[in-house]
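Enquirer: coordinates for the following, if possible.
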Amino acid sequence: MTALVVQRFRECQNLLDSVVTNLCAIENFTSQRSTVEEAARRLRSSTSVRDAAVPLCCTDPLGMLAVFPESAVELIIAQHDDDTAALLRSLNSTQQMWGKKLQQAKEALQSGESGKTKDANVADKQRDVSQVICTRSFIAVLSQMHGWLRALILALRADLANPPRAVKLSEFLSAHDPPSKSDITPVVIVSLEAALGQLPDRVRREWELCTSQHMVDEAWVMLLS
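Expert: Residues are numbered from 1 along each chain as shown. Model (predicted):
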């Protein structure tokens, strides 16, 4: 029982690297999309591009868009959208995988508790109690983090569909600020890029918070053994 729960805990912990990597990639694609859209807007609004002594495509890093039809810009933006959608699917798959591993850990705990013998000696009972406490602390961490990731992905999906403000992410991040801060400070709606830039660190911080809240000393020892 305990060995399986520890294994699932470690597997979920390793999934955090995938979550952070996907979030960083989404941030990069969103930034690139905004840059391309802004460059295209400036090119369309410029009245001197064709008559300039030095073509804009030679003076602006993104001025090369001027030599392509507008459909090319639309294709670039569409590709960014496709890439972001693929990353969202990957995040969702990771969250679902986390949920399955959590369920397996819960089932292992239930199976282990139901299989205990009533005639165990005092030493065995004390060891069993310690193992159950450790196992429950692992599951508590995974449960809290699973709910947090699920809420994060829902907020992220909503804001990516409605840029450039990150209404849902701003509310989500504010709700998970330390109590002393979130109780005093009203929710400030930030830009999508600003919110995305916070997410990798917030994932790591939330994991540290979950472990500090639920992990007992014996569980840390068990995890390192």
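Enquirer: give me the phi and psi angles of residue 165.
Expert: Here is the backbone geometry of residue 165 (degrees, to the nearest 10): phi -90, psi 150.
Enquirer: could you report the neighbour count for the closest residue to residue 2 other than its chain neighbours?
Expert: In space, and not counting its chain neighbours, residue 2 is closest to residue 131: 5.0 Å by C-beta to C-beta, 6 or more residues apart in numbering. The C-beta positions use only the backbone N, C-alpha and C, and glycine is treated the same way. Neighbourhood size, residue 131 [other C-beta atoms under 10 Å]: 18.
Enquirer: what's the mean pLDDT across the strand or helix carrying residue 3?
Expert: In this structure, residue 3 sits in helix 2-45 according to DSSP states H and E. Averaging pLDDT along helix 2-45 yields 90.
Enquirer: so, low pLDDT: which residues of the chain?
Expert: 43-69, 114-127, 179-184 (pLDDT under 70).
Enquirer: chain center to whichever strand or helix holds the residue nearest to residue 2, what's the gap?
Expert: Residue 131 is part of helix 122-160, with elements assigned from DSSP H and E. How far helix 122-160 lies from its chain's middle: 17 Å, per C-alpha atoms, centre = their mean, to the nearest Å.
Enquirer: do stretch 2-10 as well
Expert: The answer for stretch 2-10 is 22 Å, by C-alpha atoms, centre = their mean.
Enquirer: swap in stretch 213-222?
Expert: Between the centre of stretch 213-222 and the centre of its chain there are 24 Å (C-alpha atoms, centre = their mean).
Enquirer: state the number of residues packed around residue 149.
Expert: 23.
Enquirer: measure stretch 174-192 end to end?
Expert: End-to-end span of stretch 174-192 (C-alpha to C-alpha, to the nearest Å): 14 Å.
Enquirer: again with stretch 177-197
Expert: 16 Å.
Enquirer: same question for that stretch: list its buried residues.
Expert: Neighbour counts using 16 or more other C-beta atoms under 10 Å place 190, 191, 192, 195, 196, 197 of stretch 177-197 among the buried residues.
Enquirer: list the contacts for the nearest residue to the fifth one once chain neighbours are set aside?
Expert: So that's residue 196. Leaving out its chain neighbours, the residue that sits closest to residue 196 by C-beta to C-beta, 6+ apart is residue 27, at 4.0 Å. Contacts here follow C-beta atoms under 8 Å, 6 or more residues apart in numbering; on that basis residue 27 touches 193, 196, 197, 199.
Enquirer: may I ask which helix or strand encompasses the third one?
Expert: With secondary structure defined by DSSP H and E, residue 197 is part of helix 192-214.
Enquirer: so which bits of that helix are buried?
Expert: Neighbour-count burial for helix 192-214, counted by 16+ other C-beta under 10 Å, picks out 192, 195-200, 202-203, 206-207, 209-211, 214.
Enquirer: next one: stretch 162-174
Expert: 166, 167, 168, 169, 170, 172, 173, 174.
Enquirer: so what's the last one closest to, chain neighbours aside?
Expert: What that stands for is residue 174. Per C-beta to C-beta, 6+ apart, closest to residue 174 is residue 187, 4.5 Å.
Enquirer: ok but that neighbour is inside a strand, no?
Expert: No. Counting by DSSP: H, G, I helix; E, B strand; the rest coil, residue 187 is not part of a strand but coil.
Enquirer: from residue 171, how far out is it?
Expert: 6 Å (C-beta to C-beta, to the nearest Å).
Enquirer: do residue 112 as well
Expert: 40 Å.
Enquirer: repeat that for residue 2.
Expert: 39 Å.
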